[in-house]
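# Here is a sequence together with a model predicted from it:
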Amino acid sequence: MFNLVPFNKRNDLIPRDQFFNQIFDQFFKEDFFAPFNTAGNSFHVDLTETNESYVVKADLPGIKKDDITINFENDYLTISAQRDDEAEVKESNYLRRERRYGQFSRSFYVRNVREENIDAEFCDGVLSVTLPKKENTASGNKTITIR
């Protein structure tokens, strides 16, 4: 007569949800958007500020000191690094490959910096860049009178 479905407890739906979750997880096992993800071609940094300076610490494990470039231009600090693919393992049968190769770069806007005193140190895969602040710079704030 009527196509009625009997009311069941909510717990009955869990196995069905798990089934669809497993199908979804298997279909999207790898990150589909990874080739388009520019954040994946980056590195992690900490940016701190003291009364005297800004300090940028960048994690660059596995990268040689000679493959790192630091530029400061127009109040932008740019850290670039290059890691070449390992030629001897190109023919390997990878089960999973997560390590990244190629060009990595990050830029930060940092104003009121004494460019001539910027210092950098690279130790144990961590790059530390210290950017001393200029002495008592004006804030650049201006009050506007409304007419």
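Cool, got the structure.

# Give me the phi and psi angles of Thr145.
The phi and psi values for Thr145, taken as degrees, to the nearest 10, are phi -80, psi 130.

# Return the distance of it relative to Pro61.
As judged by C-beta to C-beta, to the nearest Å, Thr145 and Pro61 stand 55 Å apart. Every C-beta, even on glycine, is put in place using the N, C-alpha and C of the backbone.

# Between those two, which is the more surrounded one?
Legend: neighbour count by other C-beta atoms under 10 Å for Thr145 and Pro61, higher for Pro61 (10 against 4).

# so who does the nearest residue to that one once chain neighbours are set aside touch?
Spatial nearest neighbour of Pro61, excluding adjacent residues (C-beta to C-beta, 6 or more residues apart in numbering): Gly125 at 3.9 Å. For Gly125, the contacting residues are Asp59, Leu60, Pro61, Gly62, Ile63, by C-beta atoms under 8 Å, 6 or more residues apart in numbering.

# let's see 7 Å
For Gly125, the contact set (C-beta atoms under 7 Å, 6 or more residues apart in numbering) comprises Asp59, Leu60, Pro61, Gly62.

# cool, Asp75 as well?
Tyr109, Val110, Arg111.

# Could you list the low-pLDDT ranges of the chain?
By pLDDT under 70, the low-scoring segments of the chain are 1-20, 22-41, 86-91, 136-142, 147.

# show me where the protein has strands.
Using DSSP state E, the strands found in the chain span residues 45-49, 53-59, 68-73, 76-83, 102-109, 119-123, 126-132.

# Let me know how buried Ile68 is, in neighbour terms.
Neighbours of Ile68 (other C-beta under 10 Å): 17.

# actually Ser42, sorry about that
Neighbours around Ser42, by other C-beta under 10 Å: 13.

# Asp59 too?
Using other C-beta under 10 Å, Asp59 has 12 other residues around it.

# what pairs with it across the strands?
Asp59 forms beta bridges with Val126, as assigned by DSSP bridges.
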